[in-house]
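> A predicted structure for the sequence below; I have some questions about it.
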Amino acid sequence: MEFLKKIEEKWQKRWEEAKIFEADPNPEKPKYFITVAYPYPNSPQHIGHARTYTLADVHARYMRMRGYNVLLPMAFHYTGTPVLAMSKRLAENDEELINDFVNVYKVPKEKLKEFTDPLIMARYFHEEIKEGMRKIGYSIDWRREFTTIDSYYNRFIEWQFNKLRQKGYITCGSHPVGWCLKDGNPVGQHDTIGDVEPEIGEFILIKFKQGKTIFPTATLRPETVFGVTNLWVNPQARYVKAKVDNEEWIISQESTEKLLNQNRKVQVLETFLGKRLIGTFVESLVNQAKIVILPADFVDPKNATGIVMSVPGHAPYDYVALENIKKEHEKLKEYGFKPEKIEQIKPISLIAVPGYSDIPAADVVKKMKITEQLDPKLEDATKEVYRQEFHNGKMKTNTGKYYGMSVAQAREEVKQDLVAEGKATTMYELVNRPVKCRCGEECIVKILQDQWFIDYGKPEWKTLAHKCLNKMEILPEELRTEFEYVIDWLHEKACARKSGMGTKLPWDKEWIIESLSDSTIYMAYYTIARHLKKCQIRPEQMTDEVFDYIFLGEGNIYKVAEKVDLNTEILERMRQEFLYFYPLDSRHSGRDLIHNHLTFMIFNHIAIFPEKLWPRQIVTNGSVMMEGVKMSKSFGNIIPLQEGLEKFGADPVRLSVLSTAELLQDAEFNPHIAKSMIDKLEKLYRFAIQITKIRNKENEKRQVEAFDLVDKWMLSRLQRRITDATEAMEKMSVRKAIHCILYELDQDLRWYQKRTARKHKKDSVKKDVLRQVLETQILMLAPVAPHICEEIWEIIGKKGFISISPWPKPNLEKIDIKAEESEELLINLLEDTENIIKVTKTKPRKIFFYVASAWKWKVYLKALEKSMQGKIELKELIQNALKVGRKPKEVVKFAKKVIEQIKTIPEKKKRNLIKIRGVDERKIIGDAKEFLRGRLQADITVYVERDRGIYDPKRKAAMAMPLRPAIYIE
RNA sequence: GCGGGGGUGUCCGAGUCUGGUCAAAGGAGACAGGCUUAGGACCUGUUGCCGUAGGGCUGCGUGGGUUCAAAUCCCAUCCCCCGCACCA
């Protein structure tokens, strides 16, 4: 472990000194531009983050070895509110957060005090993250680093937004959001206790009249208004009479604040207990029915208006509450009701649902055995009725013009009609309330006014986005449909907030562009970032005209440069560097960003850049699990990256996060896996040392003739592994590549070592083969585990960095089908023999192998050829065989067997066998006699089945098939 | 609800696109043996059921179908995971 550390530091230093990852435009070389979503510096990175970044780095390193001039830059995303929020929580001495910072993130205590300044916190984690990226060995060109609050960057984003606005993609309007009254801020999932997403629903407020006073009853099911039998009010809750806009409303006290935040004018006139309303009558504006107000405990004054219309036929709550109250004679008297009057209230049926009676609410309540209106099971009951009626329900005749409609359709139409006629209005409410802000306050819904949006809903924009997507490579390809879906689904996206760090909206400085909107085309900015600093350009020199020239080639360079007093040469250099690296060849990120960032990137690129500069590829990956649980701060199971590197080393961590899962899946990380990677690398290292120790006296030139079949087999396999690994890397199936390079190749190697263990005389040949394998193996492993590979590269005497050495190409001349078939024969033979030994439970002293005679091979090959051409006719085959075979009986038996067997051979193998005209089984087995004797612990004798003087007491020899020698053990 | 991904042996996990070499790679665990003072590490073997000759049976969520042949193709069905924003 310690030695791994030393190796890492050594090579990181050398890379930096040699500047091998700094990419400048080079017209001689094809470029490849990779970016990965920049990190947000509100905490250190953990092993989970490492997956995405390591994948991008592996991609970069691979492409570099493929001969590309690769640019992999990095920046830091300061934009947004989370740093501010954390800073505030620290200032308030939030214990949980302080604990995280000190014990999990290992922030020195004295540093913590400074973190009440959000910028200091961001800078701290910025450096922390950067340090981690160096220590894990990413091949980043750090000269291009920036943050999103750099003044140049601000100018860049202003340019982008001006562009978007010019193109008509920016709109302004109102928008409902989850809101905390105490903080005065919108509330998203990460701002709530328990990370609950505030779900906003639109309630319909159906108005009932009492004189001039309006009772706005809140419902999600306006179509049931035809079944209203009464209203519900909570007798213990406080209600108010208030002037709302131009009407007088009775509503719960809690609802006044909500209405205020939804842009209504509210003036409270009077406050009283709900009790006072009980027993009074209201009139339906829909059918003029007069209905009574009854008390109900289930009515929650905090939900919407706190006034509920009762539809006992189709709402389980209402049904149970009505049944309850009918039995509570005492209470009824208290309110001055005559029990008989209440008894007369009967549920009204207005929706027909197959499989249910006229009163579905009653069915479900009875089924679930619910008797009390505060029974939590009522939630499920409501859901069931809601779902059934929504999908299968039809409106009955008593619903007038809505008769015959589906519930889904009627709901929409009733809503629209009532609202249009002024008989109803709407109100937003959180449908999953209560949702509590981290400050403890219960969230409400607020309608934000004059909110700025990027309108991703524009059809022509979507069309272009699809066009771009169609041309892009999406890895893994399975997720393409998801992108299609997101493109269609996106609509106006609020693009600015009132707080947080970032760039101000250029035309409305009160607003700050939020983080998902200022991170869509910044990849372009990387191409010029280093010049801005190096040439000491002032931010104000970077006007929109300058950006237009650099990125779009618009305007006259002399005029543009003169206007802002900029050197034309510098301006042109920036333009050329942008044109050299753009378009973006590959964009990496976690797959969770498909729904926003990655798709926004597509939209914004096509909005601003010409088609030939659109992004070319997106690579996404799943997250990292820790013992089966997603690694995240809220689960308390994170391993900070630097801690992980300290414990396990860079290469093992890199291998661990990439080798356990393909792109789409979640990867598993645990100390166990990391440990096994360490072992694996150490083994590889020892193997390398061992090889260098086998000293070779003469030079290493060797004729192919000196190679045995096994040697040829090993080299042949090596070529195939190269092909497979390369193919996997092309698709960023790094897991597959690692398995191929590290595990499958090792398996081959193990077989080779076993086979050659006794061949002392040919050490130099063996060394030559092993060297070739090792060299190829570390070349292919270098993108994933670069440090150890550099070290081994040096040990085996190679010059220069492995990181910029060419990726191996398969040498097709070394692919040796004959050698492969021969070894396969041995592998199968060994397996069969061992199986017999196992089953017979004998300890063999002598083993006899009888290989098929020449005529069988002839027939066999003929059959193979026939099967390749189409069907094999048994008759034809037999006739053919009779010409070469002897006893007809034997021939027929054999031919039948051949036909059976040949069916299961894959085409490829058939072709190979035909090509090499079979193999010399006697020679192969004979040559491997020593090996087989060692493995089977018995004397080995090989015969061809018709050999003279053959020893065959059990008459096994005749059973021999090509590639399947008969076996006799004694 | 909509959209996406997935269900394989004790467990994890390949294989599915391109049907046959698939009782199904590779791990892990378990068992036996070697090494070792002992433990760990390492090495060898076994690990669905039956079988004294390389074989047979069952088997890849469930039920059907196509085919000489299905983990793989088609249809239906059940279950699990993720996303549905104004937030990184």
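All right, it came through fine. Not measured: the values here are computed from a predicted model.

> Go ahead and name everything in contact with stretch A:282-296.
Outside stretch A:282-296, the residues that touch it by Cβ atoms under 8 Å, 6 or more residues apart in numbering are A:206-210, A:215, A:225-226, A:228-235, A:274-275, A:277-281, A:308, A:310, A:321-322, A:325, A:331, A:335, A:342, A:373, A:418, A:423. Placement of C-beta: from N, CA and C, glycine included.

> Filter the residues you listed down to just the buried residues.
Among the contacts of stretch A:282-296, those buried by neighbour count (16 or more other Cβ atoms under 10 Å) are A:206-208, A:210, A:215, A:225-226, A:228-235, A:274-275, A:277-278, A:308, A:310, A:321-322, A:325, A:335, A:342, A:373, A:418, A:423.

> Which residues of the stretch 701-850 of chain A lie near RNA strand B?
Taking Cβ under 7 Å from any atom of the strand as the criterion, the stretch 701-850 of chain A approaches RNA strand B at residues A:736, A:739, A:743, A:747, A:750, A:829, A:832, A:834-836, A:838-842.

> Low-confidence regions, the stretch 851-970 of chain A specifically.
A:870-873, A:885-886 (pLDDT under 70).

> where do the strands sit along it?
Secondary structure of the stretch 851-970 of chain A (DSSP state E, counting those that start in this stretch): strands located at A:939-944, A:966-969.

> Which secondary structure elements does the first one sit against?
Packing partners of strand A:939-944 (3 or more Cβ pairs under 8 Å, 6 or more residues apart in numbering; DSSP states H and E): strand A:846-851, helix A:921-927, helix A:929-936.

> want to try TSV for the strands of the stretch 851-970 of chain A, with mean neighbour count as columns?
Listed next are those as TSV, based on neighbours: other Cβ atoms under 10 Å:
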stretch	mean neighbour count
strand A:939-944	18
strand A:966-969	20
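
> Quick one, which of those gets closest to A:Cys468.
A:Cys468 lies closest, by Cβ to Cβ, to one member of the strands of the stretch 851-970 of chain A: strand A:966-969, at 63.0 Å.

> Could I get the contacting residues of A:Lys135?
With Cβ under 8 Å, 6+ apart, A:Lys135 has these contacts: A:8, A:12, A:642, A:645, A:650.

> Domain-wise, how is chain A divided?
Chain A is divided into the following domains under automatic domain parsing: A:26-167+A:474-527+A:584-621, A:180-199+A:432-457, A:202-426, A:647-815, A:827-969.

> what about the shortest one, distance to the chain center?
Relative to the mean C-alpha coordinate of its chain, domain A:180-199+A:432-457 is positioned 26 Å out (Cα atoms, centre = their mean, to the nearest Å).

> Does it reach RNA strand B?
Yes. Using Cβ under 7 Å from any atom of the strand, we find that domain A:180-199+A:432-457 touches RNA strand B at A:185-190, A:197-199, A:456.

> hang on, A:Glu429 is in a helix, isn't it?
No. Using DSSP: H, G, I helix; E, B strand; the rest coil, the secondary structure at A:Glu429 is strand, not a helix.

> How about the secondary structure of the closest residue to it other than its chain neighbours?
Take A:Glu429 and drop its neighbours on the chain: the residue closest to it by Cβ to Cβ, 6 or more residues apart in numbering is A:Ala304, 4.7 Å away. For A:Ala304, the assignment made with three-state DSSP gives coil.

> Which residues are in contact with A:Ala304?
Counted by Cβ under 8 Å, 6+ apart, A:Ala304 has contacts A:203, A:205, A:218, A:255, A:258, A:427, A:429.

> Please tabulate those in TSV, including the columns distance to A:Arg123 and neighbour count.
Converted to TSV, the contacts of A:Ala304 look like this (distance: Cβ to Cβ, whole Å; neighbours: other Cβ atoms under 10 Å):
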residue	distance to A:Arg123	neighbour count
A:Phe203	46	21
A:Leu205	50	26
A:Ala218	49	21
A:Ser255	45	28
A:Lys258	40	25
A:Met427	44	20
A:Glu429	41	23
